[in-house]
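Asks: any chance you could fold what I've pasted below:
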Amino acid sequence: MPGLTAAAAAVVAAYLLHRLIPWLPVLTIAVVLGLAVANVPGLSSSVSGPLKPGLSLAARRLMRAGIVLLGLKVSLIDIASLGWAALLLIAALVAGAFAGTYLICRAFRLPGEEPLLIAAGFSICGVSAIGAIAAARRVRHEDTVVPIALVTLCGTLAIGVLPLLASLFGLPDETFGLWAGASVHDVGQVVATAQTAGTAALAAAVVVKLARVVMLAPMTAVVGFLGRRQDARSQAMETPTGVEQGRGKRPPLVPLFVLGFLALILVRTAGILPEAALEAAGVVQEILFAAALFSLGAGVRFSALFASGARALAAALVSWLLVGGLGLGLALLLAG
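Replies: Just a heads-up that it's a prediction; the model follows:
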């Protein structure tokens, strides 16, 4: 209970600060608050002591609940309005961004599953994708902190940088919106970036972004399938010939909460919920994510983060440039 109460208080603080600084997303503020609490003398001992159980619960369960509710933002009818050619280009963008980011992170020798998680976050939908892929590969939520911090940092950087570049390049508003939707990570960051150019840019950005969000389910299924095959091969190599293999629990092909995400996409597409309910669900989803991100941030010690953080930050910035370049190319193709 103490940890959950602390997460709730942090959410309230994040919303208050967002009202003072409207261009800074609530989720970014929540991460920063978590990092601050974890590294301020006097508070850090509480985070690693009596607050830890509740914060761990929030980081894991509330993140997954938020991913489920994210499905209510996605209407397949709106996405289909883009046309098959555009959808194929967006799918190619996601695949190219995922593969490119993964290879960049491997080239920078990032440890463990960090290359996979960063690739998912940068190419699909930020924090939501990291949470889903981590569940499919049984990654501890403590090991998702660095990828989440990097995707939050680069997504927030895009809010200020992309409008400046669009003005420099002389991009039309709709083209800029397509670029934001194709290259910025989280949905909230896309909205914060695109709304600087007006409603036309925002509408274009949201539709393209949600088309990327739909890729969360198939990408999670592919990663889950490859994880099961890898575990099966490892078990076969470790099992002596003639000895029956153990029936250990395999990682899920598609985590249950991702199926919930898909189910709510169908609910949104069917149009059976009133607009007021969808708006309320959107607020709840943001609150859940804010609590989860504060809890994850509260588990980060700068000393540990900076131990390998230079390589991770360099890999993230190079990946950000790659995804931005691919997104701009897609925007110019769709606008043309």
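Asks: could you list the low-pLDDT ranges of the stretch 1-150 of the chain?
Replies: Applying pLDDT under 70 to the stretch 1-150 of the chain flags the ranges 42-49, 51.
Asks: which parts of it are helices?
Replies: 2-20, 26-39, 44-47, 52-57, 63-70, 76-80, 84-107, 114-120, 127-136, 145-169 (DSSP state H, counting those that start in this stretch).
Asks: and the stretch 151-300 of the chain, by the same measure?
Replies: Along the stretch 151-300 of the chain, the segments classed as helices by DSSP H, counting those that start in this stretch run 173-183, 187-194, 199-214, 216-238, 256-270, 275-297.
Asks: kindly reformat these as JSON lines containing distance to Val12.
Replies: Where C-beta positions appear, they are placed from N, C-alpha and C, glycine not excepted. What follows is those, written out as JSON lines (distance: least, C-beta to C-beta, whole Å):
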{"stretch": "helix 173-183", "distance to Val12": "29"}
{"stretch": "helix 187-194", "distance to Val12": "18"}
{"stretch": "helix 199-214", "distance to Val12": "27"}
{"stretch": "helix 216-238", "distance to Val12": "29"}
{"stretch": "helix 256-270", "distance to Val12": "25"}
{"stretch": "helix 275-297", "distance to Val12": "10"}
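Asks: and Ala99, which of the ones you listed is closest to it?
Replies: helix 216-238 (11.5 Å; C-beta to C-beta).
Asks: burial check on Ala58, number of neighbours?
Replies: Using other C-beta atoms under 10 Å, the number of residues around Ala58 comes to 28.
Asks: ah, wrong one, I meant Leu20
Replies: If we define neighbours as other C-beta under 10 Å, then Leu20 has 8 of them.
Asks: and Leu35, by the same measure?
Replies: Using other C-beta under 10 Å, Leu35 has 21 neighbouring residues.
Asks: what's the local residue count around the spatially closest residue to Tyr15 that is not a sequence neighbour?
Replies: Sequence neighbours aside, Val26 is the residue nearest to Tyr15 in space, at 6.0 Å (criterion: C-beta to C-beta, 6 or more residues apart in numbering). As a burial measure, the neighbour count of Val26 was computed by other C-beta under 10 Å and equals 20.
Asks: and for Ala13?
Replies: Applying other C-beta under 10 Å, I find that Ala13 has 15 neighbouring residues.
Asks: can you tell me which residues contact it?
Replies: Going by C-beta atoms under 8 Å, 6 or more residues apart in numbering, Ala13 touches 29, 33.
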